[in-house]
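**Student:** turn this into a model:
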Amino acid sequence: MKAYEAAYREARKVLHQRGKSVGRPFQGKEGRQCQVAGVPLLDLDLFKEAWGEEFGREIFAELGGIESAPLDCQDCLRLWTTFCETPAEKRLEAKQSIMAHAATHPRDPWAR
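**Tutor:** Coordinates of the predicted model:
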């Protein structure tokens, strides 16, 4: 997770260098958030704001972030719930299950 945290710090730095006000990270109901120009951003949104939609998602996925489950897939919800309820030091298997299942979903061509 060191690379992930380094990327997170770099994203905050990039946004600050662009003249945006960047607050300290805090834990919100949906996960870690950081105020950028007065708007609370989750990790993925922070990466996208710093480096654009596609590259932000790539960094998030490659360095260990996990996006929330699609609300219309019961298997995604079940796997996501399992992941969230698993202690951090034992999440690898739960994460692998999520990633394997996510690969079965067709990619949204409009997401880019």
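
**Student:** centroid-nearest residue for the protein?
**Tutor:** Against the mean C-alpha coordinate of the chain, by C-alpha atoms, centre = their mean, the closest residue is Leu44 at 3.7 Å.

**Student:** and stretch 8-17, which residues are buried?
**Tutor:** For stretch 8-17, burial by neighbour count (16 or more other C-beta atoms under 10 Å) applies to Tyr8, Ala11, Arg12, Val14, Leu15. Placement of C-beta: from N, CA and C, glycine included.

**Student:** now what about that stretch, what contacts it?
**Tutor:** Val22, Pro25, Cys34, Val36, Asp43, Leu46, Phe47, Glu49, Ala50, Trp51 (C-beta atoms under 8 Å, 6 or more residues apart in numbering).

**Student:** which ones among those residues are found in strands?
**Tutor:** Mapping these onto strands (DSSP state E) picks out Cys34, Val36.

**Student:** just give me the closest of the contacts of stretch 8-17 to Ile98.
**Tutor:** Distance to Ile98 across the contacts of stretch 8-17 (C-beta to C-beta) is lowest for Asp43, with 15.9 Å.

**Student:** check contacts around the closest one.
**Tutor:** Counted by C-beta under 8 Å, 6+ apart, Asp43 has contacts Tyr8, Gly31, Arg32, Phe60, Gly65.

**Student:** so which of those residues are in helices?
**Tutor:** Taking DSSP state H as the definition of helices, the contacts of Asp43 contribute Tyr8, Phe60.

**Student:** from the contacts of Asp43, which is closest to Leu77?
**Tutor:** Nearest to Leu77 among the contacts of Asp43: Gly31, at 16.4 Å, using C-beta to C-beta.

**Student:** which residue is the nearest non-sequential neighbour of the closest one?
**Tutor:** Leaving aside its sequence neighbours, Gly31 sits nearest to Leu42 (C-beta to C-beta, 6 or more residues apart in numbering; 5.5 Å).
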